[in-house]
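Asker: okay, predicted coordinates and the sequence, questions at the end:
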Amino acid sequence: MDFDSDILIAGGGLNGPALALALAQAGFGVTVADARPAPERAGTNFDGRGYALALASQRLLNAIGVWGTVAPNAQPLLEIKVSDGRAGQGPSPFFLHFDHAEIEEGPMGFMLEDRFLYRAFLSAMQAEERVTLLSQTGVTGHSITPGGVTATLSDGSTHTARLLVGCDGRGSGVAQRAGIRRTGWGYGQTALVCAIAHEKPHNGIAHQFFMPPGPLAILPLPGNMSSIVWSETDDMAASIHALPDKDYMQVLRPRFGDFLGGISLVGNRFTYPLSLSVANHFVADRVALVGDAAHGMHPIAGQGLNAGLRDVAALAQVLTQAQRRGEDIAAIQVLERYQEWRRFDTAALVAATDLTNRLFSNDNPLLRMGRDIGMGLVGALPGLRRGFIREAAGLSGDLPDLMR
């Protein structure tokens with residue numbers, strides 16, 4: 001059969017473009033249908049949104065030709081400090097300290113602003129003749145046909161492909177139409193996201209401070225700036241977010257502390273509710289799910305985008321190998337290889353983030369004592385500590401070739 005594309009990707013956030021470029025390099029013709037307008041997403045103004053990219057994710061971006069564009073704006077993550085405590089009281093004496101020098105692989109990862117990463121993806125897609133970007137065009141329906149899939153687009157047109165990939169988030173329309181149900185729950189927490197400028201240099205050190213309502217992550221950006229992901233209960237977060245900037249900072253300062261000197265707000269403020277949402281299946285007839293469409297987890301370990309990029313690398317490898325063998329790339333037997341590869345790793349990561357959040361987001365004195373002792377033991381055992389460092393860098397497990 002003749003198709004408009006080999007693969008149609010619904011969703012053009014970050015995982016969609018990454019998958020499109022990886023597949024195009026393997027010789028596939030790919031179309032990305034992005035419901036949002038590309039020019040707005042590629043804006044030049046700083047807005048405070050950033051991502052912690054694990055070292056394995058950086059390798060993927062390098063392999064698909066994007067890293068060279070964004071590298072000048074990336075901040076290496078050289079150390080991670082994890083501590084427990086209460087707002088205004090400082091951390092407990094037990095803490096974890098991870099140093100990239102212990103694994104001899106380079107930085108554990110990099111902090112990168114959304115505007116730089118998406119702009120690089122957009123430029124790379126425009127330069128790749130095998131990739132077609134349909135901006136402000138969503139996938140509103142699809143039906144399975146003999147040997148392919150026909151998708152209905154928001155402009156009323158149709159598009160035929162061998163495979164449809166849902167990169168369309170936790171409320172994935174692709175998953176819903178394919179009959180894929182989800183398992184999940186809310187945490188009663190909301191993340192407050194912003195960026196701050198500070199007087200003292202951060203020296204490439206990321207901090208995770210666990211407090212009873214939820215964790216506060218301080219992630220270094222280039223220069224004397226850091227990205228903040230600050231979790232509070234839903235009601236408290238709504239009250240804080242409604243405050244004017246001056247009062248917002250008065251609430252943040254005792255939680256942040258003074259170890260980086262004076263702090264001030266930079267860019268916009270955001271909020272988003274925290275929940276767990278995992279698809280019961282990652283594949284269906286001529287359909288595959290990637291990123292948040294497959295699994296949305298708590299940001300406590302900063303692994304959401306990294307897990308999605310590992311999906312990208314795994315699916316690209318499975319489809320490329322199937323094509324080389326002369327197989328139908330969208331046959332369920334092929335797609336199940338991708339699902340089998342990613343399900344265990346995803347389940348382990350989801351369980352770890354869920355358990356960590358439940359263990360640390362409370363003020364139970366017995367749990368506090370137990371978790372502080374646990375952190376002290378991990379910090380005292382070099383082999384175990386290096387294992388956690390490699391996990392943070394995305395280097396553990398069965399890595400796809402694009403991440404090696």
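Answerer: Everything's here; your move. Residues are numbered from 1 along each chain as shown.

Asker: pull the CA atoms of the strand or helix carrying Gly188 into PDB?
Answerer: Gly188 belongs to strand 182-198 when assigned by DSSP states H and E. Extracted as PDB, the C-alpha positions of strand 182-198 are listed here (Å, rounded to 0.1, in the frame of the first residue of the first chain):
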ATOM      1  CA  ARG A 182      -4.900   3.700  32.500                       C
ATOM      2  CA  THR A 183      -4.100   3.100  36.200                       C
ATOM      3  CA  GLY A 184      -3.300   6.000  38.500                       C
ATOM      4  CA  TRP A 185      -4.100   8.300  41.300                       C
ATOM      5  CA  GLY A 186      -3.600  11.900  42.500                       C
ATOM      6  CA  TYR A 187      -1.100  12.800  45.200                       C
ATOM      7  CA  GLY A 188      -3.000  15.700  46.700                       C
ATOM      8  CA  GLN A 189       0.100  17.800  45.800                       C
ATOM      9  CA  THR A 190       0.700  20.600  43.300                       C
ATOM     10  CA  ALA A 191       4.100  21.600  41.900                       C
ATOM     11  CA  LEU A 192       5.000  25.300  41.900                       C
ATOM     12  CA  VAL A 193       7.600  25.900  39.200                       C
ATOM     13  CA  CYS A 194       9.700  29.000  38.800                       C
ATOM     14  CA  ALA A 195      13.300  30.200  38.300                       C
ATOM     15  CA  ILE A 196      15.300  32.300  40.700                       C
ATOM     16  CA  ALA A 197      18.500  34.300  40.500                       C
ATOM     17  CA  HIS A 198      20.900  34.100  43.500                       C
END
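
Asker: restrict the next helix or strand after that strand to CA atoms and write it as CSV.
Answerer: Next helix or strand after strand 182-198 toward the C-terminus (DSSP H and E): strand 205-211. What follows is strand 205-211, C-alpha atoms only, in CSV (Å, rounded to 0.1, in the frame of the first residue of the first chain):
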residue,chain,number,x,y,z
ILE,A,205,25.1,21.3,42.4
ALA,A,206,21.5,20.2,42.4
HIS,A,207,19.6,20.0,45.7
GLN,A,208,16.5,17.9,46.7
PHE,A,209,15.1,19.0,50.0
PHE,A,210,12.4,16.8,51.4
MET,A,211,9.8,18.6,53.5
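
Asker: buried set for the strand holding Gly188?
Answerer: Buried residues in strand 182-198, counted by 16 or more other Cβ atoms under 10 Å: 182, 187, 189-198. C-beta: built from backbone N, CA, C; applies to glycine.

Asker: can I get these in a markdown table with pLDDT and distance to Gly387?
Answerer: Formatted as a markdown table, those follow (pLDDT from 0 to 100; distance: Cβ to Cβ, whole Å):
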| residue | pLDDT | distance to Gly387 |
| --- | --- | --- |
| Arg182 | 97 | 31 |
| Tyr187 | 95 | 27 |
| Gln189 | 96 | 28 |
| Thr190 | 97 | 32 |
| Ala191 | 96 | 27 |
| Leu192 | 97 | 31 |
| Val193 | 95 | 29 |
| Cys194 | 94 | 32 |
| Ala195 | 94 | 31 |
| Ile196 | 96 | 32 |
| Ala197 | 97 | 35 |
| His198 | 98 | 31 |
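
Asker: quick check, nearest of these to Leu399?
Answerer: Of all the buried residues of strand 182-198, Leu399 sits closest to Arg182, with 26.8 Å by Cβ to Cβ.

Asker: so who does that closest one touch?
Answerer: Contacts for Arg182 (Cβ atoms under 8 Å, 6 or more residues apart in numbering) come out as 170, 175, 277-280.

Asker: now, these that are in strands?
Answerer: Here DSSP state E is the test, and the contacts of Arg182 give 277-279 as lying in strands.
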